[in-house]
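I'll drop the sequence and a predicted model, then ask my questions.
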Amino acid sequence: MVCRERLARTMGRLETAVLSCFWYGKSAEHLTLSYDLSPLDAAVELTAQRDLDTLAAAMVRTVSTLQRGFSVCVYSLQGDLGNLSAKVVACSDMARVGTYLTALENRPLLRRCIDRQEMVEAHVDGGCKRVYPVIEQDQVTGLVSCETNAEADDSCQVVEKLVAIYANLHSLLNHQQRDGLTGLFNRAALDSWLAKALAPAEIAGRRAVDSATLGCFAIFDIDHFKRINDSLGHLYGDEVLLILAELMRESFRFNDMLFRYGGEEFIAVLTDTDLDTAMAVLERFRARVASHHFPQINQVTLTIGVAEIEPQVLPSTLIDRADKALYYGKNHGRNQVNAYEWLNDGRVLQEAPGGLQTIELF
């Protein structure tokens with residue numbers, strides 16, 4: 001409700017800003033806005049989006065059109081103030097999407113925008129570069145940068161209002177895609193990510209990627225979680241879920257995707273990671289959880305199943321593969337990590353002591 005109210009207020013301010021350009025001596029012929037898309041049409045396009053990726057892409061289109069930008073990028077900020085990085089979530093240069101800017105201390109214009117929480121600009125290469133802060137709940141969570149003509153100043157106020165609309169919509173959509181208890185992405189966000197990540201490149205509107213760069217998909221299940229709920233109550237069960245979610249955030253990289261799949265099951269997508277590396281990372285995480293002290297419970301363990309992400313595989317197939325590896329571990333002692341590919345080529349099955357009758361894998 002708060003996000004909707006903020007959106008309504010910002011829409012009103014945008015309309016006022018646009019109209020004031022005309023009432024205070026700036027007639028239409030003096031505005032450096034493109035009439036391929038009016039400011040209110042731009043707001044309509046932004047509010048039509050239903051997920052974070054398409055919202056960012058729409059922001060690039062609208063700002064590029066309105067401000068006649070040569071290059072427009074939308075960044076999301078990750079990390080703490082002392083160690084911030086910026087991920088390019090949308091850009092007029094598609095080759096930059098998904099890349100990261102680290103060491104923001106060495107990028108003074110971006111850093112100044114974050115610190116001041118206001119638009120900053122600098123003249124570069126005969127043009128002008130502007131950076132606008134994306135502010136949600138008094139925190140800068142992203143940036144919108146635009147390189148344009150130095151004299152294209154009249155659009156600045158309108159773009160600032162569009163960035164405010166973008167921030168409100170981003171906050172609303174982000175809230176809808178988060179699990180209410182843990183703050184991790186929820187099942188709906190997972191379904192959306194799978195549909196886009198596994199779609200053919202020409203359908204998804206992105207560059208084709210080599211299969212080796214897609215990463216790995218892991219499902220975690222808390223061992224004997226029902227016993228915790230039944231013996232200690234759901235309050236302690238919820239505390240276990242909260243602690244596990246925090247351990248996940250601390251253990252995985254900022255570019256990995258973390259989800260609560262449902263109940264006591266969680267998912268981690270390890271991007272740009274091969275299977276051997278993923279197995280080592282997941283084994284370290286399993287060991288960290290097993291050694292962590294949980295109040296009133298002492299020890300909690302995880303069983304983890306992982307599968308490589310292959311291009312254009314069906315989402316249901318990918319989940320099923322990780323599930324098979326997970327349930328192999330459940331049937332062979334729990335508190336372990338197994339990979340579907342290792343089950344499939346016999347590396348695990350050959351080592352399993354007489355367990356072939358206990359689970360139907362394929």
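That came through fine.

may I see the buried residues of stretch 130-150?
Buried residues in stretch 130-150, counted by 16 or more other Cβ atoms under 10 Å: 130-136, 140-148. C-beta: built from backbone N, CA, C; applies to glycine.

go on, stretch 85-103?
For stretch 85-103, by 16+ other Cβ under 10 Å, it's 85-92, 97-98, 101.

report the two of these separated the most.
Taking Cβ to Cβ as the measure, the buried residues of stretch 85-103 span a maximum distance of 21.0 Å, between S85 and S92.

dump the residue contacts of L190.
259, 261, 267 (Cβ atoms under 8 Å, 6 or more residues apart in numbering).

how many residues are close by the first one?
Which is F259. Neighbourhood size, F259 [other Cβ atoms under 10 Å]: 25.

is it in contact with A189, as I believe?
Yes: the criterion here is Cβ atoms under 8 Å, and F259 meets it with A189 at 6.6 Å.

show me where the chain has its strands.
71-78, 85-91, 100-101, 120-124, 127-136, 139-149, 216-222, 257-262, 265-270, 302-308, 337-339 (DSSP state E).

indicate which one of the ones you listed is closest to A325.
A325 lies closest, by Cβ to Cβ, to one member of the strands of the chain: strand 302-308, at 3.2 Å.

got the contact list for the closest one?
Against strand 302-308 from outside (Cβ under 8 Å, 6+ apart): 214-223, 244, 274-275, 278-279, 282, 285-286, 289-290, 318, 321-330, 334-341.

surely L184 and L258 touch.
Yes: in this structure, L184 is within contact of L258 by Cβ under 8 Å, at 4.9 Å.

neighbour count: the two, which is higher?
Shown here are L184 and L258; by other Cβ under 10 Å, L184 has more neighbours (24 against 19).

so which residues of this protein form helices?
Applying DSSP state H to the chain gives helices spanning 2-23, 39-47, 52-66, 108-116, 156-176, 187-197, 201-204, 225-232, 234-251, 275-291, 315-330, 340-344.

for Q139, see how far away P133 is.
Taking Cβ to Cβ, to the nearest Å as the measure, P133 falls 10 Å from Q139.

also A42?
The spacing between A42 and Q139, counted by Cβ to Cβ, is 25 Å.

OK, contacts around the residue nearest the centre of the chain?
When Cα atoms, centre = their mean is applied to the chain, the residue found nearest the centroid is M257 (6.5 Å). Contacts were defined as Cβ under 8 Å, 6+ apart; by that measure M257 touches 185, 193, 267-269, 271.

per-residue confidence for it?
We have a pLDDT of 95 for M257.

low-confidence ranges, the stretch 151-300 of the chain, go.
Across the stretch 151-300 of the chain, the ranges flagged by pLDDT under 70 are 151-154, 200-213.
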